[in-house]
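> turn this into a model:
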Amino acid sequence: MVRYAFLSAAALLVAASPLHAHAGSTVVTAHSLSMTFKITSQGETNGGEDRVDRSTRKDKDLFDLCTGSSPTKNQGIFLFLNCTDPNMNEIDAISTQPLTGLANIGEITFGDPMVDSTKNGDLKTASFPVTIDLSCNTGALVATLHGIMDIKYSALSGGGQVCPESATVKITGSATSNNLGLPASFILDDGSLIKAKNRDGAIATLPPFP
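Predicted coordinates:
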């Protein structure tokens, strides 16, 4: 089984590169994402006074923004994580039946783990500082987000390799958009959250893109 050593600084500081190149030689876990974005932007009253505008967007809105259509019941936004090096990852809008990539949306850069817990020498939880870069649809969204991601780990079915099971990160940051449905520039404020749900046992590979 994989031990805590895989979280060494050397492993985590590996430069991120396209995960597709490693699909044949690594274990990849797939996690459906639930996302809440609390948007704060500069507005103006009818009288010309400055005003703070606030709104909320969800993962379905991001899917629509990046693909041009609302998700069906077999579509969504997923995080794909390399089991032994979290810096090898990608965030994609996909269709699950059949597994097909629809849009690449972003990636996560992990810092060194700040705290962790183990059981019988195997990793159970770890918390990482992360930077999340989102970009899709030729400027429809460009965002840089920061937070602390808390990851739960468990062995793969059958008592195999220990891999990420689920994760949560509260985020803040800034973004720009050329989409008329969003402000040209805005803040992702307190209350913004991304949850990576329990890994999907039906998806064991990266999605092929047309």
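
> residue 147 and residue 156: what is the separation?
In this structure, residue 147 and residue 156 are 27 Å apart, going by CB to CB, to the nearest Å. For the C-beta atoms, the positions are set from N, CA and C on the backbone; glycine is no exception.

> nearest residue to residue 175 in space, ignoring adjacent ones along the chain?
With CB to CB, 6 or more residues apart in numbering as the measure, residue 143 is the residue that lies nearest to residue 175, at 3.6 Å, once sequence neighbours are left out.

> so how far is residue 100 from that neighbour?
Between residue 143 and residue 100 the distance, using CB to CB, works out to 24 Å.

> still on that earlier bit, what pairs with the host helix or strand of the residue nearest to residue 175, parallel or antiparallel?
Here residue 143, judged by DSSP states H and E, is contained in strand 141-155. When pairing is defined by DSSP bridges, strand 141-155 lines up against strand 122-136 (antiparallel), strand 162-176 (antiparallel).

> and the first one, average pLDDT?
Across strand 122-136, pLDDT averages out at 97.

> just stretch 99-115 next, same as before
Predicted confidence along stretch 99-115 averages 97 (mean pLDDT).

> kindly report the same for stretch 80-96.
The predicted confidence, averaged over stretch 80-96, sits at 96.

> kindly check the end-to-end length of that stretch for me.
Stretch 80-96 has its terminal residues 13 Å apart, counting by CA to CA, to the nearest Å.

> buried residues, it. List them.
Along stretch 80-96, the positions that meet the burial threshold by neighbour count (16 or more other CB atoms under 10 Å) are 80-83, 85-96.

> for this structure, what's the longest helix?
Using DSSP state H to assign secondary structure, the helix with the most residues in the chain is helix 59-67.

> now the strands: where do they sit in this structure?
Defined through DSSP state E, the strands belonging to the chain, from first to last, are 28-44, 50-58, 75-82, 89-96, 99-110, 115-119, 122-136, 141-155, 162-176, 185-196.

> where does this protein have low pLDDT?
Along the chain, the model assigns pLDDT under 70 to residues 1-25, 159.

> now do the contacts for the closest residue in space to residue 59 that isn't next to it in sequence.
Of all residues beyond its chain neighbours, the one nearest residue 59 is residue 35 (3.8 Å), with distances taken as CB to CB, 6+ apart. Contacts of residue 35 were listed using CB atoms under 8 Å, 6 or more residues apart in numbering, and they are 58-59, 62, 77, 193-195.

> please name the bridge partners of residue 35.
Assessed by DSSP bridges, residue 35 has beta-bridge partners residue 194.

> follow-up on the earlier one: so for residue 199, which of the strands paired with strand 141-155 sits nearest?
strand 162-176 (5.9 Å; CB to CB).

> the closest one vs strand 185-196, what angle?
Using axes from the mean of the first three to the mean of the last three CA atoms, to 10 degrees, the interaxial angle of strand 162-176 with respect to strand 185-196 works out to 170 degrees.
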